[in-house]
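*Asks:* Structure for this input, please:
(chains A, B, C and D)
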Protein chains: 2
Amino acid sequence: MESVFEIIAEPNRRAILSFLASSQHSVGEIERQLRMPQPTVSKHLRVLREAGFVESTVDAQRRVYRLKPEPLQEVAAWLAPFRRFWSAHVDALERHLDRMDQSTGTKRKTRRRR
Amino acid sequence: MESVFEIIAEPNRRAILSFLASSQHSVGEIERQLRMPQPTVSKHLRVLREAGFVESTVDAQRRVYRLKPEPLQEVAAWLAPFRRFWSAHVDALERHLDRMDQSTGTKRKTRRRR
DNA sequence: CCTGTATATGCCTTGACGCGCATATGCTCC
DNA sequence: GGAGCATATGCGCGTCAAGGCATATACAGG
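*Replies:* Numbers count the residues shown, from 1 in each chain, chains lettered A, B, ... in the order given. The predicted model follows:
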């Protein structure tokens, strides 16, 4: 689990990050908001913390987690070179994002009959 | 292998994408440039193709692959909400990226100053 | 057709990771 | 200092994806 990309490959971790984007939260708040078992939350937070995505401060028995920007900026940095490329394709994107809201079924049937 | 994030979690696939960002290339060119076995290249290209990251056209026996923008834009879309949050932390980023230059092989030559 | 080249696919093994569950650690307050 | 809450960690299991290798398909030219 070294690269930032592997870290954000996990849906629950992305959910945690998005939740923390609004403001900082305790473990319990994350647990309730995202409806995942507490050990799961703690484990993901550990991964995120060790990768530098979040940091925590202690408030009595609670631990409050907040975002750290660097790793996500690293993702953005990798993404940047592609931006030039897609400026030409802007409207194709909008159609794409619209389409994939409900369909997660990524099954393509490239049967070539003619 | 459903989400775009899992797709780009694989280093070889990111390498292929980055290579294709410059221009389109055949499978053999990718194979030689990135020095990976041909079946590996084909398998990753299959994944990328089915996820909509690339498309191919046939040129005699060759298959020429080129980028499609939508999935990467999807990543950018997920990343967008965090951007507001970073703006405060800009210089912390530069330090971070500077530090990880030699570990990841990402090229960066930004000089910090104060 | 047959050979060589370019690309794709199938099978197998291996290793990593996420989860559930139980349990441990830590802190607060009475 | 003991009870109770908040969070962390250890363990075992199932799953799934990546790599290596062999092989299959497709196409071009002699």
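
*Asks:* Give me the three-state assignment for the residue positioned nearest the centre of chain A.
*Replies:* Centroid check for chain A by C-alpha atoms, centre = their mean gives residue A:14 as the closest residue, at 2.5 Å. Put simply, residue A:14 is helix when judged by DSSP: H, G, I helix; E, B strand; the rest coil.

*Asks:* Surely it and residue B:9 touch.
*Replies:* No - applying C-beta atoms under 8 Å, one finds residue A:14 not in contact with residue B:9, separated by 11.8 Å. Quick note: C-beta positions are derived from backbone N, CA and C, even for glycine.

*Asks:* Overlap of the contact sets of the two?
*Replies:* residue A:8 (C-beta atoms under 8 Å, 6 or more residues apart in numbering or on different chains).

*Asks:* and the angle for the longest helix seen in chain A with helix B:70-86?
*Replies:* Scanning chain A for the longest helix, with DSSP state H as the assignment, gives helix A:70-86. For helix A:70-86 against helix B:70-86, the angle by axes from the mean of the first three to the mean of the last three C-alpha atoms, to 10 degrees is 130 degrees.

*Asks:* Please state the offset of helix A:70-86 from the chain centre?
*Replies:* The chain centre lies 15 Å from the centre of helix A:70-86; the measure is C-alpha atoms, centre = their mean, to the nearest Å.

*Asks:* is any part of that helix close to chain B?
*Replies:* Yes - Helix A:70-86 comes into contact with chain B (C-beta under 8 Å from any C-beta of the partner chain), by way of A:70, A:72-79, A:81-83, A:85-86.

*Asks:* So the nearest residue to residue A:59 once chain neighbours are set aside versus residue A:13, what's the distance?
*Replies:* Distances taken as C-beta to C-beta, 6 or more residues apart in numbering or on different chains place residue A:26 nearest to residue A:59, at 7.4 Å, with adjacent residues excluded. Per C-beta to C-beta, to the nearest Å, residue A:26 is found 17 Å from residue A:13.

*Asks:* who's more crowded, those two?
*Replies:* Per other C-beta atoms under 10 Å in any protein chain shown, whichever of residue A:26 and residue A:13 has more neighbours is residue A:13, with 21 against 15.

*Asks:* can you pull the contacts of the more buried one?
*Replies:* Contacts of residue A:13 by C-beta under 8 Å, 6+ apart are A:7, A:44, A:47-48, A:53.

*Asks:* just these now: which is nearest residue B:3?
*Replies:* residue A:7 (13.4 Å; C-beta to C-beta).

*Asks:* and the closest residue to that closest one other than its chain neighbours, how many neighbours?
*Replies:* Counting by C-beta to C-beta, 6+ apart, residue A:7 lies nearest to residue A:51, which is 4.9 Å off, once chain neighbours are set aside. Taking other C-beta under 10 Å as the criterion, the count of residues near residue A:51 is 19.

*Asks:* Do I have it right that residue A:51 meets residue A:5?
*Replies:* No - using C-beta under 8 Å, residue A:51 is not in contact with residue A:5, being 10.6 Å away.

*Asks:* I'd like the distance between whichever residue of chain A sits closest to chain B and residue B:5.
*Replies:* Closest contact between chain A and chain B, by C-beta to the nearest C-beta, is at residue A:86 (3.3 Å). Distance of residue A:86 to residue B:5, given as C-beta to C-beta: 18 Å.

*Asks:* what does residue A:56 give?
*Replies:* 24 Å.

*Asks:* which of these two has more neighbours?
*Replies:* residue B:5 (21 against 16).
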